[in-house]
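Undergrad: below are the sequence and a predicted model for it; my questions follow.
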Amino acid sequence: MRADLDDLDRRIVERLQADGRVSYRALGAEIGLSANATADRVRSLVRRGVIARFTAVLGPAADSRPLEAFIDLRLRSNADRDRFESELTRQPAIAQAVHLTGAFDYQLHLRCSNAEEIDATIATLKNAGLVTETRTRVVLRRVL
């Protein structure tokens, strides 16, 4: 965490990461501030860019795509990265994609309704002629 945050800011950020819906009153009681002072602190953290956004993370039960997989993939040496990344945006199963260092170029997080959808997504990316190798892992259960 950034060094220019004081102890109260750090505690606020840690608590909001654990529960972004905690009330200002409850959060303030935990850190020793009034609800109004806590709200001011949170607004300051947002304004300063420490907190980028508040979001809801859906569990698999809320999704019609309960099967998750992670795919590491390597692009062909002559592949057009912009074209590849554009192709990723057209794949509905891809929940997240990151460009990495190491043996593989990208890691994709897929949320699918079944194994066939994982297979179809991989086939589509390979058939575009941009991907040379993939390694797929299916999520058995979430721990955290």
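TA: Received the coordinates, thanks.
Undergrad: can you tell me, leaving aside adjacent residues, what's nearest to the residue sitting nearest the centre point of the chain?
TA: With distances taken as Cα atoms, centre = their mean, Gln96 lies nearest the centre of the chain, 6.3 Å away. Computed as Cβ to Cβ, 6 or more residues apart in numbering, the closest residue to Gln96 that is not its neighbour in sequence is His109, at 4.1 Å. Placement of C-beta: from N, CA and C, glycine included.
Undergrad: do the same with Arg41
TA: Once flanking residues are discounted, Arg41 sits nearest to Ile12: 5.7 Å by Cβ to Cβ, 6+ apart.
Undergrad: for this structure, identify the residue most remote from the centre.
TA: Ser34 (32.3 Å).
Undergrad: and it, how close does it get to Arg141?
TA: For Ser34, the distance to Arg141 equals 41 Å [Cβ to Cβ, to the nearest Å].
Undergrad: check the offset of the host helix or strand of the residue nearest to Gln96 from the chain's centre.
TA: Under the criterion DSSP states H and E, the helix or strand holding His109 is strand 106-112. What separates the centre of strand 106-112 from the centre of its chain is 10 Å, taken as Cα atoms, centre = their mean, to the nearest Å.
Undergrad: same for that strand, what does it pack against?
TA: Of the remaining helices and strands, those touching strand 106-112 by 3 or more Cβ pairs under 8 Å, 6 or more residues apart in numbering; DSSP states H and E are strand 67-75, strand 94-99, helix 115-127.
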